[in-house]
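**Student:** test case, fold it:
(one chain, ligands or ions: 1)
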Amino acid sequence: MPYLIVREPGQVAVSLLLREGFCVGRLAPSDLLLPYQQVSRQHACFEHDDEGGWVVRDLGSANGLFFNGIRADIGQLKDGDVIQIGPVKLTFTESEGAEIAHAQPLPTPDTLEPPGADRRLRMLFEVTRAIGALSDPDELLGRMLDAMLDLLGCERALAALREGGDEEPLRQVLRTREGRAPQGEVVVSRAILQALLVRREVVIIRDARERGAPHTLVTQGILSAMGAPLEAGGHLFGFLYVDHCSQASHFAQEDLDFLGALARLTAAALHSAQQHQRALSAAEAAGSSPDSPRVELLGDSPPMLRLKAQIRKFGASGSTNMLIRGESGTGKERVARAMHAASPRAQRPFVSLNCAVMPETTIEGELFGYVQGAFPGATHDKRGRFALAHRGSLFLDEIGDLSLAAQAKVLRVLQEGEVLPLGAGVPQRVDVRVFAATQRDLRREVAEGRFREDLFFRLNVGDVEVPPLRERVEDIAHLAQVFLAPAALNLGKRLDGFAPQALQALQAYAWPGNVRELRNEIERAAIQAEGLLVELDDLSPAVSRAVLSPSFLTVPGMSFAARFATLEPMERALCEDALAAARGNVAEAARLLGITRIMLVRRIERFGLRSREP
Ligand SMILES: Nc1ncnc2c1ncn2[C@@H]1O[C@H](COP(=O)(O)OP(=O)(O)OP(=O)(O)O)[C@@H](O)[C@H]1O
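**Tutor:** Reported below is the predicted structural model:
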């Protein structure tokens with residue numbers, strides 16, 4: 001049987017079963033009463049034509065009827081035709097599911113009432129404030145759903161999010177009232193989905209036992225349900241949905257208004273979170289692209305130029321999993337970010353996780369996520385890093401620290417392209433490029449049975465090594481200068497650069513902590529510095545003494561002048577040491593050094609050293 005969906009301005013839309021001679025007008029005995037001035041007493045009627053189809057006929061009304069936007073006396077009806085009578089739109093439909101969709105357009109912001117005594121509206125405004133402070137969309141959704149359980153008294157509250165393409169299933173975040181176990185997935189009626197996602201309207205099913213209720217509700221034992229689309233900035237993010245099993249007519253018009261307003265706020269917050277994420281990705285891409293003048297992967301030494309060439313090559317491939325090897329602080333994460341930024345995934349998230357700092361008990365939850373109730377303490381659904389990195393890249397630092405059990409699960413995700421959150425029944429599809437970093441020799445770990453060989457081969461499709469800083473001494477001066485500028489700015493100081501001896505010490509030191517240690521050293525020296533240049537004395541003792549290392553004199557590529565300039569601090573340090581050993585006695589110190597007393601006195605004066613003699 002065909003139906004008419006009636007949409008009056010500002011009203012819940014209703015669907016009515018059509019019958020022969022169904023009459024629309026302003027006064028009784030019309031079957032559908034439309035109390036508007038533009039509607040005539042008996043305005044139009046619906047009837048069968050000779051071939052068993054349906055027609056709508058104008059009954060001589062003053063203002064006429066509009067059939068699909070065109071004024072007409074009669075119209076031959078087919079599914080989806082729209083008849084406008086005065087301000088009211090009637091949609092003729094023969095599709096089965098449509099009969100249940102008691103829906104209305106979302107309230108626009110100006111129809112939202114200001115906060116009054118009503119607890120719900122006050123709650124809404126509190127929630128709005130909370131949204132401003134939140135950058136984690138899942139936490140935001142959790143709060144929304146908790147508010148819905150509380151204020152709507154429903155049994156299940158669901159947010160379904162469209163994160164992939166139109167073909168992909170919506171991701172569900174579910175909250176259930178205490179005592180009702182969370183199920184793997186909520187099945188929402190096709191007709192409700194149509195209203196929410198296609199027509200983008202709010203939907204209310206007051207009593208699912210009534211004729212025309214969607215079959216899915218009845219089979220699931222649901223008596224009342226409501227839903228509202230999550231729409232903002234022209235983008236549909238998904239929908240909010242609530243239901244109740246033990247009570248019919250549980251939801252009223254004001255509940256629907258509340259849900260609509262909540263959906264509007266939530267969608268606005270999701271929209272801003274998305275914009276924010278895009279801005280971050282764009283900034284990241286600009287900052288770390290290997291060709292950018294603002295390149296954050298600093299260094300032009302031959303090893304760094306080779307590394308940048310590899311980044312361009314592997315970055316462009318987009319989906320090759322990569323193993324990034326290198327000592328601590330060499331910049332492995334930075335290299336992964338640069339590859340991500342150079343790849344077709346650049347606009348998608350870059351997510352990282354350090355496997356070494358996570359206790360074994362929590363690492364799986366972090367990686368794969370979990371559902372509410374999966375284990376004691378799992379009070380809400382949590383997305384894992386794989387899901388967060390969907391369509392983007394995941395950086396797994398210190399992958400060699402993963403337990404064999406977690407390695408097996410990571411391998412499964414890489415093989416199947418699916419992740420199963422702890423406690424969930426249904427896996428989620430994920431498309432993630434993995435960058436795995438390690439300081440360990442993974443081949444040896446494999447040989448000794450601590451790392452799975454099959455996972456090693458999955459990750460080692462591409463392989464780059466980040467050279468230690470001591471093998472690219474040529475980069476040190478530039479890195480130091482770049483790190484100095486923000487350090488000085490933070491301290492409100494003017495610092496133009498490094499005294500030659502200080503720079504020589506920086507270049508002579510072996511930097512076991514690599515670029516990270518260099519950065520920390522420069523920040524420390526900036527605090528110490530009192531002049532316009534960072535002096536040798538401003539550096540920490542371990543670094544400033546590095547110029548004394550004879551190996552420094554043989555650093556490849558260093559000029560004679562640079563090497564000769566290193567002699568002075570070396571001389572000074574030796575004089576200091578000898579004086580200390582001789583307890584300030586100049587003659588004794590000179591003897592220790594194998595020079596004359598007068599030679600030492602000249603040096604004491606030149607270097608401003610302390611001695612026991614005046
Ligand atoms: N080439 C570079 N240009 C600019 N900054 C760099 C470079 N390499 C490393 N850094 C900086 O050094 C620090 C350490 O880098 P990163 O965290 O990428 O190293 P890592 O090798 O991943 O370290 P770990 O193994 O300890 O996790 C960061 O502050 C990073 O910004």
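
**Student:** only the buried residues of the helix or strand hosting Ala480, if you could.
**Tutor:** Using DSSP states H and E, Ala480 falls within helix 476-491. The neighbour-count check on helix 476-491 (16 or more other Cβ atoms under 10 Å) flags Ile476, Leu479, Ala480, Gln481, Phe483, Leu484, Ala487, Ala488 as buried. Quick note: C-beta positions are derived from backbone N, CA and C, even for glycine.

**Student:** for the closest residue to the second one other than its chain neighbours, the count of nearby residues, please.
**Tutor:** When you say that, I think you mean Leu479. Closest residue to Leu479 apart from its sequence neighbours, by Cβ to Cβ, 6 or more residues apart in numbering: Leu298 at 5.4 Å. Number of residues near Leu298 (other Cβ atoms under 10 Å) recorded here: 15.

**Student:** residue of this protein closest to the ligand, please.
**Tutor:** Gly331 (2.5 Å; Cβ to the nearest ligand atom).

**Student:** so who does that residue touch?
**Tutor:** Residues in contact with Gly331 (Cβ atoms under 8 Å, 6 or more residues apart in numbering) are Leu297, Val466, Asn514, Val515.

**Student:** so which of the residues you listed is surrounded by the most neighbours?
**Tutor:** Neighbour max across those (other Cβ under 10 Å) = Val466, 24 neighbours.

**Student:** phi, psi for the residue nearest to that residue when sequence neighbours are not counted please.
**Tutor:** Leaving aside its sequence neighbours, Val466 sits nearest to Gly326 (Cβ to Cβ, 6+ apart; 3.4 Å). Main-chain dihedrals, Gly326, degrees, to the nearest 10: phi 160, psi 160.

**Student:** surely Gly326 touches Glu471?
**Tutor:** No - using Cβ atoms under 8 Å, Gly326 is not in contact with Glu471; the gap is 10.8 Å.

**Student:** spell out which parts of the stretch 501-614 of the chain neighbour the ligand.
**Tutor:** Val515, Arg516, Arg519 (Cβ under 6 Å from any ligand atom).

**Student:** next secondary structure after the helix or strand containing the last one?
**Tutor:** When secondary structure is defined using DSSP H and E, the element that contains Arg519 is helix 514-528. For helix 514-528, the succeeding helix or strand toward the C-terminus, using DSSP H and E, is strand 533-534.

**Student:** what residues are up against Glu588?
**Tutor:** Ala582.

**Student:** on the three-state scheme, it is what?
**Tutor:** Three-state call for Glu588 (DSSP: H, G, I helix; E, B strand; the rest coil): helix.

**Student:** quick revisit: any chance of the buried residues of helix 476-491 in CSV, plus distance to Gly315?
**Tutor:** Below are those laid out as CSV (distance: Cβ to Cβ, whole Å):
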residue, distance to Gly315
Ile476, 26
Leu479, 22
Ala480, 27
Gln481, 27
Phe483, 25
Leu484, 29
Ala487, 30
Ala488, 33
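
**Student:** near the ligand, which residues of this structure?
**Tutor:** Counting by Cβ under 6 Å from any ligand atom, the residues of the chain that sit close to the ligand are 296-299, 326, 328-334, 397, 437, 439, 515-516, 519.

**Student:** of those, buried ones?
**Tutor:** For those, a burial check counting by 16+ other Cβ under 10 Å picks out 296-297, 299, 326, 329-334, 397, 437, 439, 515, 519.

**Student:** show me what the nearest residue to Asp73 once chain neighbours are set aside is bridged to.
**Tutor:** Ranked by Cβ to Cβ, 6+ apart and with sequence neighbours excluded, the top spatial neighbour of Asp73 is Asp58, at 4.8 Å. Beta bridges link Asp58 to Ala44 when assigned by DSSP bridges.

**Student:** Asp58 is in contact with Phe66, isn't it?
**Tutor:** No - Asp58 is beyond contact range of Phe66, at 10.0 Å (criterion: Cβ under 8 Å).

**Student:** quick one: distance of stretch 458-472 to the chain centre.
**Tutor:** 27 Å (Cα atoms, centre = their mean, to the nearest Å).

**Student:** correction: stretch 529-543
**Tutor:** Distance, stretch centre to chain centre, for stretch 529-543: 41 Å (Cα atoms, centre = their mean).

**Student:** check stretch 265-275 too.
**Tutor:** On Cα atoms, centre = their mean, the centre of stretch 265-275 falls 12 Å from that of its chain.

**Student:** who's in contact with stretch 46-63?
**Tutor:** By Cβ under 8 Å, 6+ apart, stretch 46-63 touches 2, 4, 18, 20-25, 38-40, 42-45, 64-65, 67, 72-77, 83, 85-86, 92.

**Student:** report the contact partners of Ala248.
**Tutor:** Ala248 neighbours (Cβ under 8 Å, 6+ apart): Arg206, Asp207, Ala208, Arg209, Leu223, Ser224.

**Student:** quick one, which of those has the minimum pLDDT?
**Tutor:** In terms of pLDDT, the lowest of the contacts of Ala248 is Arg209, showing 75.

**Student:** helix or strand: which one has the residue lying closest to it once chain neighbours are set aside?
**Tutor:** Nearest residue to Arg209, sequence neighbours excluded (Cβ to Cβ, 6+ apart): Ala248, at 6.3 Å. Under the criterion DSSP H and E, no helix or strand holds Ala248.

**Student:** show me the shaky parts of the stretch 1-150 of the chain.
**Tutor:** For the stretch 1-150 of the chain, residues meeting the criterion pLDDT under 70 lie at 10-15, 95-139.

**Student:** please enumerate the strands of it.
**Tutor:** 3-7, 14-17, 22-25, 32-33, 44-48, 54-58, 65-67, 70-72, 74-77, 82-85, 88-93, 103-104 (DSSP state E, counting those that start in this stretch).

**Student:** any idea which of the ones you listed gets closest to Leu414?
**Tutor:** Smallest distance to Leu414 across the strands of the stretch 1-150 of the chain (Cβ to Cβ): 43.1 Å, for strand 103-104.
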